[in-house]
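> structure for this input, please:
(one chain, ligands or ions: 1)
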Amino acid sequence: MAGFREGAQALHAPRSVDQHIHEKENVLRKALEGVRVLDMTHVQSGPSCTQLLAWLGADVVKLEAPGGDVTRKQLRDIPNVDSLYFTMLNCNKRSITLNMKSPEGKRIFTELLPRFDILAENFGPGAIDRMGFGWDVLQEINPRLIFASIKGFGDGRYTHYKAYEVIAQAMGGSMSTTGFIDGPPMATGAQIGDSGTGIHAVAGILAALYQREHTGRGQRVTVAMQDSVLNLCRVKLRDHQRLQRGPLNEYPNNEFGDEVPRSGNASGGGQPGWAVKCAPGGPNDYVYVVVQPVGWEPIANLIGRPELVTDPEWSTPDARLNKLDKMFQLIEEWSMGLGKWQVLEILNQYNIPCGPILSTKEIIEDESLLANDMVVRVDHPERGEFTTVGCPLKLSDSPVDVRTSPLLGEHNADVYGEELGLHDQLVTLKAKGVI
Ligand code: COA
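Predicted coordinates for the structure are as follows:
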């Protein structure tokens, strides 16, 4: 912590050459080195946030009830071993157990809190207050504390409701706008409600840490899953307002009411796009193709319709707007004779933006993702090697070294013993169910 504060003080004062040299010698090896996070999060939204903080170099101590985060046991693939659900969201953390409902647990928590910069939680509404540690109490114990809370909803009619991933997708604008017009609302596989909210929480926490360097005060950071999904569905509210002025011509839909319809695989941006079929016709044999204005000439030539380059019915983006379905059908007639990797290569020769639909198998075996530490192999003491998704934030001075998730209570002795001097009491505390 001392190093972190010293580093930040340097922001205020003019720096001498000597100071520069001194800083270089004491350079932080990780962006958040010295920052301590008491991580009371569970399931996915919170753990995805604190895992990123750990990857950025923070010391993240995950505080779990003595029974452990419920996801340790959910969707297990190996009996009695922490699930992949848990291991893939809790890398680089340490684990302590504490019964927050016992008086001794509350006392220990009160002693721990001043040693941390950040407290993160995503309990159901009101749970942290019922434990006796509402924001007022936390601030009193540690005025520098940044208290990050993830909830399903912001203030208002839904505040007291619990939430999971797809509920946030349903209420944040994603489900009503995902899928095909003749089908039901669709959930997306990307965990925009959970991990999407976790990323938003990271941004809030880092901003609060920065502000604390100027004010000396901690603050509360609250992020709602509904709000985070809505933030990611911003363009759909753009289109909702555009509807007042007429139909959304870039959508494949024929009819429009007073709300944004599901638009299948339309790109959602200013340039039309669609997923076209490729050989041999398997479920992921598709390439997503975007037709920029400059891309039309090479595409028309490639698909064997050079006359459409100059045909006024086809030559401009505006002219093509009322026949996008026909345009992608023509492209598909060409792509169906080729494999998706061939299509990728050919279209890229002409700088045409496109992407093959990659299956999970293709992703986990993708050499570039492996080489770029986005698909990472990690050793776990009980399950052996597992594969996880690496850190998408690449900082040139703060490399990420993905390490295993902790076993339940693995660091009780380190934290309670070394830091609080409770070595002698560990056995009794365990026997009494406090840790
Ligand atoms: N010691 C003792 N008790 C503990 C504890 C600890 N260390 N940690 C948690 N608990 C208790 C809580 O105090 C709470 O008890 P109470 O309700 O009697 O006050 C209890 O565990 C349940 O907590 P809760 O978070 O409500 O769990 P849940 O399984 O009922 O609900 C969610 C799970 C995810 C629906 C809920 O936590 C939630 O809505 N969270 C906010 C949104 C979110 O993050 N959703 C999940 C995205 S992956």
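
> residues touching residue 51, list them.
Residue 51 makes contact with 60, 89, 90, 91, 92, 93, 198, according to Cβ atoms under 8 Å, 6 or more residues apart in numbering. All C-beta atoms are positioned from the backbone trio N, CA, C, and that covers glycine.

> give me the buried subset of the residues you listed.
For the contacts of residue 51, a neighbour count by 16 or more other Cβ atoms under 10 Å gives the buried set as 60, 89, 90, 91, 92, 93, 198.

> same list, those residues, but as a markdown table with pLDDT and distance to residue 134 please.
What follows is the buried ones among the contacts of residue 51, written out as a markdown table (pLDDT from 0 to 100; distance: Cβ to Cβ, whole Å):
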| residue | pLDDT | distance to residue 134 |
| --- | --- | --- |
| 60 | 98 | 23 |
| 89 | 98 | 27 |
| 90 | 98 | 26 |
| 91 | 98 | 31 |
| 92 | 98 | 29 |
| 93 | 98 | 25 |
| 198 | 98 | 23 |
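
> which pair in those spans the largest distance?
Farthest-apart pair in those is 92 and 198; separation 14.5 Å (Cβ to Cβ).

> residues near residue 413, how many?
13 (other Cβ atoms under 10 Å).

> report pLDDT for the residue in the chain that the ligand sits nearest to.
Of all residues in the chain, residue 124 sits closest to the ligand, at 2.5 Å by Cβ to the nearest ligand atom. pLDDT, residue 124: 97.

> cool, residue 268 as well?
pLDDT, read off for residue 268, is 78.

> so the nearest residue to it once chain neighbours are set aside, which state does it fall into?
Leaving out its chain neighbours, the residue that sits closest to residue 268 by Cβ to Cβ, 6 or more residues apart in numbering is residue 235, at 5.5 Å. For residue 235, the assignment made with DSSP: H, G, I helix; E, B strand; the rest coil gives helix.

> what's the pLDDT at residue 235?
At residue 235, pLDDT is 95.

> is it true that it touches residue 266?
No: assessed by Cβ atoms under 8 Å, residue 235 is found out of contact with residue 266, at 11.2 Å.

> show me which of those two is the more surrounded one.
residue 266 (17 against 13).

> state the helix or strand in which that one lies.
Here residue 266, judged by DSSP states H and E, is contained in no helix and no strand.

> touching, it and residue 249? I think so.
No: applying Cβ under 8 Å, one finds residue 266 not in contact with residue 249, separated by 10.9 Å.

> burial count for residue 168?
Quick note: residue 168 (other Cβ under 10 Å) scores 27 neighbours.

> give me phi/psi at it?
Backbone torsions of residue 168, given as degrees, to the nearest 10, read phi -70, psi -40.

> with the one 3 residues further on instead?
Here is the backbone geometry of residue 171 (degrees, to the nearest 10): phi -100, psi 0.

> strands of the stretch 201-350 of the chain, start to end?
Along the stretch 201-350 of the chain, counting by DSSP state E, counting those that start in this stretch, strands occupy 220-224, 273-277, 286-290.

> around the ligand, pick out the residues from the protein.
43-46, 65, 98-101, 122-124, 127, 130-131, 150-152, 162-164, 194, 225 (Cβ under 6 Å from any ligand atom).

> what's the ChimeraX line that selects buried ones from those residues?
Remark: buried members of those, expressed as a ChimeraX selection using 16+ other Cβ under 10 Å:
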select :43,44,45,46,65,98,99,100,122,123,131,150,151,152,163,194,225
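
> strands - which of the residues of the chain next to the ligand land there?
Counting by DSSP state E, the part of those found in strands is 150, 151.

> out of the residues of the chain next to the ligand, which sit inside helices?
Here DSSP state H is the test, and the residues of the chain next to the ligand give 45, 46, 127, 130, 225 as lying in helices.

> so where's this structure uncertain?
1-26 (pLDDT under 70).

> quick check: residue 78 touching residue 383?
Yes: with contact defined as Cβ under 8 Å, residue 78 reaches residue 383; the gap is 5.7 Å.

> residue 225: what's its closest spatial neighbour, skipping adjacent residues?
Residue nearest to residue 225 in three dimensions, not counting chain neighbours: residue 168, with 3.7 Å by Cβ to Cβ, 6+ apart.

> residues contacting the one you found?
Contacts of residue 168 (Cβ under 8 Å, 6+ apart): 152, 192, 193, 194, 197, 225, 226, 228, 229.

> show me the two of the residues you listed that sit farthest apart.
Farthest pair in those, by Cβ to Cβ: 152 and 192, 13.7 Å.

> tally up the residues packed near residue 372, please.
13.

> next: residue 244.
Other residues within reach of residue 244, judged by other Cβ under 10 Å, total 7.

> gap between it and residue 221?
Plainly put, residue 244 is 35 Å away from residue 221 if you go by Cβ to Cβ, to the nearest Å.

> equivalent analysis for residue 309, please.
According to Cβ to Cβ, residue 309 stands 54 Å off from residue 221.

> of these two, which one has the most company?
Between residue 309 and residue 221, residue 221 has the larger neighbour count (other Cβ under 10 Å), namely 22 against 14.

> quick check: bridge partners of the more buried one?
In this entry, residue 221 is beta-bridged to residue 148, by DSSP bridges.

> returning to that earlier point: same list (the contacts of residue 168) but as TSV, adding distance to residue 281.
Shown next, in TSV, are those (distance: Cβ to Cβ, whole Å):
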residue	distance to residue 281
152	41
192	30
193	33
194	34
197	37
225	38
226	39
228	37
229	34
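
> correct me, but residue 373 touches residue 393?
No: in this structure residue 373 lies outside contact range of residue 393 using Cβ under 8 Å: 11.2 Å.

> now for these two: what residues contact both?
With Cβ under 8 Å, 6+ apart as the test, residue 373 and residue 393 both reach residue 400.

> which of those two has more neighbours?
residue 373 (16 against 13).

> my guess is residue 340 meets residue 286, correct?
Yes: at 6.7 Å, residue 340 counts as touching residue 286 under the criterion of Cβ under 8 Å.

> tell me, what's touching the two both at once?
278, 356, 357.

> any of those residues buried? List them.
278, 356, 357.

> the second one: what's it in contact with?
Applying Cβ under 8 Å, 6+ apart to residue 356 gives the contacts 278, 286, 287, 288, 340, 341, 343, 344.

> measure the nearest residue to residue 289 once chain neighbours are set aside to residue 312 for me?
Spatial nearest neighbour of residue 289, chain neighbours left out: residue 354 (4.6 Å); criterion: Cβ to Cβ, 6+ apart. Distance, residue 354 to residue 312, using Cβ to Cβ: 26 Å.

> neighbour count winner among the two?
residue 354 (23 against 7).

> list the contacts of the more buried one.
Per Cβ under 8 Å, 6+ apart, neighbours of residue 354: 287, 288, 289, 290, 343, 344, 347, 348.
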